[in-house]
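> the following block contains a protein sequence and its predicted model.
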Amino acid sequence: MVDLVIVGTVALDNVKTPFGEVKDAMGGSASYASLAASIFTDVGVVAVVGEDYPDEYLVKLKNKNIDTDGIEHTGKSFRWTGSYEFDMNDAKTHATELNNLETFDPVLPESYKDAKYVFLANIDPVLQLKVIEQIREPKLVAIDTMNFWIDSKKEDLLKVLEKVDVLLINDSEARQLFNTPNLVKAARQALKSGPDYIIIKKGEHGSILFTNEGEFIAPGYPLETVCDPTGAGDSFAGGLMGFIASADNVNNETIRKGIINGTMIASYDVEGFSVEKLENLTSDDIKKRMSSLRRMCEY
Ligand code: AMP
């Protein structure tokens, strides 16, 4: 039984940071999000990989009991090449090779269609829409995106926003999508575009949840070692949605707790390259950092 459906990319990444470099590493928004969510709940992934995609990467998903029946195998894999400078809050994209994503037409396995929770991770908004249309009665649908899709498919993205409950977006992309330098104004615009919950991610500085009833501020967890920020946003979102799906209760309190759990998972993700830190992460690791964060916030 799949409780949370995640659609996104399962990719091959070339990433360079001031602390090292990886080539043809496991990446993709759905990979990070589903590994994070699998700590809490039963996940099914909808994605396309190429015939060149290493089996050993898909085994990393299966080892966490992630259902991979929704992953189609055809053509050449989606590839992303990016780098980070000393200020690692912003990724620089050098190449986005869509390959098999250009013709992908997602068809959900029957066992996914009754899922109550859906995370539309960063991927073409047209594909995000095709996935929500196949879910029978979702309780909560969340969406993430990035500048690549805001630049190329803004109209489609705005159509998807009308159908979702939660928007996750980073600060510079919120400014771009809602055409204002002010994040509070961007969030107010976002609330008018469809979702009831807007979560603006601010890299190492944490995130802010905006709703019509009020705000919640989540700090970033201060780290001494940050190797590679790739996937921080996706693992944050996967942790959030996995937590909510396991609580099976959508309210302000679960969403706030989910945000803190997601923050902790993202803090582990960035300590290593690719998905290496997510593979063995446990709920005890998460709880440990949560208590330490709680102590930091008391005054
Ligand atoms: P994040 O650092 O959380 O924004 O996510 C990084 C991951 O997103 C990388 O592993 C990439 O493979 C993937 N990615 C990069 N660009 C795109 C794109 N345009 N659409 C979907 N996924 C992408």
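Alright, I've got the coordinates. Numbering: from 1, shown residues only.
> only C-alpha atoms for contact and neighbour calcs from this point on.
Noted.
> end to end, how far does stretch 46-62 reach?
Distance between the two ends of stretch 46-62: 14 Å, counting by CA to CA, to the nearest Å.
> so the one residue in the stretch 51-200 of the chain that gets nearest to the ligand: helix, strand or coil?
Among the residues of the stretch 51-200 of the chain, Ile123 lies closest to the ligand, at 4.0 Å counting by CA to the nearest ligand atom. For Ile123, the assignment made with DSSP: H, G, I helix; E, B strand; the rest coil gives coil.
> spit out the contact partners of it.
Listed by CA atoms under 8 Å, 6 or more residues apart in numbering, the contact partners of Ile123 are Val7, Gly8, Thr9, Ser29, Thr145, Trp149.
> intersect these with the contacts of the ligand.
Applying CA under 6 Å from any ligand atom to those, one finds that Thr9, Ser29 fall near the ligand.
> return the member of the contacts of Ile123 nearest to Ala115.
Ala115 lies nearest to Val7 out of the contacts of Ile123, by CA to CA, at 12.7 Å.
> surely that closest one touches Leu120?
Yes - in this structure Val7 lies within contact range of Leu120 using CA atoms under 8 Å: 5.2 Å.
> shared neighbours, those two?
By CA under 8 Å, 6+ apart, the residues touching both Val7 and Leu120 are Gln128.
> contact residues of this structure facing the ligand?
9, 11, 13, 27-29, 80, 122-123, 148, 230-234.
> please redo it, this time with the cut-off set to 8 Å
Where the chain comes near the ligand, counting by CA under 8 Å from any ligand atom, the residues are 8-13, 26-29, 31-32, 78-81, 91, 93, 96, 98, 121-124, 145-149, 229-235, 274.
> name the nearest residue to the residue most central in space within the chain, sequence neighbours excluded.
With distances taken as CA atoms, centre = their mean, the residue of the chain nearest its centroid is Asp234 (2.5 Å). Distance criterion CA to CA, 6 or more residues apart in numbering; nearest residue to Asp234, sequence neighbours excluded, is Ala33 at 4.8 Å.
> again, but for Gly239
Gly262 (4.2 Å).
> list the buried ones in the helix or strand where the one you found lies?
Gly262 is part of helix 252-269, with elements assigned from DSSP states H and E. Going by neighbour count (16 or more other CA atoms under 10 Å), the buried part of helix 252-269 is 254-256, 258-269.
> also stretch 211-225?
Residues Thr211, Ala218, Pro219, Gly220, Tyr221 are the ones in stretch 211-225 that count as buried (16+ other CA under 10 Å).
> which strand residues bridge the second one?
This means Ala218. Assessed by DSSP bridges, Ala218 has beta-bridge partners Ser207.
> my guess is it meets Glu204, correct?
No - taking contacts as CA under 8 Å, Ala218 lies outside contact range of Glu204: 10.9 Å.
> that older thread, is the residue nearest to the centre of the chain in contact with Gly27, as I believe?
No - Asp234 lies out of contact with Gly27 (CA under 8 Å); the separation is 10.4 Å.
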